[in-house]
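# Sequence plus predicted model, see below.
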Amino acid sequence: MKLFIELYLDEDVSVLLAKLLNARGFNVTTAHESSMLGRDDSEQLLKAISQMRCILTHNREHFERLHRHYIETSQKHYGIIIAKRRNIYEIMSRVVILLNKITADEMENNLLYI
């Protein structure tokens, strides 16, 4: 059983968000830190899965499609959070609320919007 969600930020999400969340005690890594810049969305999701992390992205259309594919083919992922583009501090606030309310086990195979 895994309680705390660990995040992987897709390359379209500001690395500042990772710094802000890490400073608040959350375990967050980025596509940049994982040498995944320029990789497509399916590779980004596979990287997050390999690290047992929930992925956070702004790319709604592609990740909705990937999520459906994973569910239809009974493949496991550790969650997808789609954040509307807005002020970085508002995104951080919404992520913190989510991370404090949902466990990693509850996030597994789910797609949420913030």
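Looks like it came in fine.

# Give me the number of neighbouring residues for T29.
18 (other CB atoms under 10 Å). All C-beta atoms are positioned from the backbone trio N, CA, C, and that covers glycine.

# got the contact list for it?
Each residue near T29 by CB atoms under 8 Å, 6 or more residues apart in numbering is listed here: 6-9, 18, 51, 53.

# rerun at 6 Å
T29 is in contact with Y8, counting by CB atoms under 6 Å, 6 or more residues apart in numbering.

# how about it, secondary structure?
The three-state assignment at T29 reads strand, by DSSP: H, G, I helix; E, B strand; the rest coil.

# got the residue ranges for the helices in this structure?
15-23, 41-50, 60-72, 88-101, 104-107 (DSSP state H).

# mind putting those helices in TSV, mean pLDDT included?
Shown next, in TSV, are the helices of the chain (pLDDT from 0 to 100):
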stretch	mean pLDDT
helix 15-23	98
helix 41-50	98
helix 60-72	97
helix 88-101	97
helix 104-107	97
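
# Return the most buried member of these.
Most buried of the helices of the chain, by mean neighbour count (mean count of other CB atoms under 10 Å): helix 41-50, with a mean of 18.

# which helices and strands does it pack with?
On a contact count with 3 or more CB pairs under 6 Å, 6 or more residues apart in numbering; DSSP states H and E, helix 41-50 meets no helix or strand.

# Run the angle between it and helix 60-72 for me.
Helix 41-50 runs at 60 degrees relative to helix 60-72, counting by axes from the mean of the first three to the mean of the last three CA atoms, to 10 degrees.

# buried residues in stretch 2-19?
Buried residues in stretch 2-19, defined by neighbour count with 16 or more other CB atoms under 10 Å: 5-11, 13, 17-18.

# Need the contact partners of it.
27-32, 37, 44, 48, 53-59, 88, 92, 99, 103-105, 107.

# Now do the end-to-end distance for stretch 68-82.
14 Å (CA to CA, to the nearest Å).

# Numbering from 24 from now on, please.
In the new numbering, first residue 24, that becomes stretch 91-105.

# Check the offset of it from the chain's centre.
Distance, stretch centre to chain centre, for stretch 91-105: 12 Å (CA atoms, centre = their mean, to the nearest Å).
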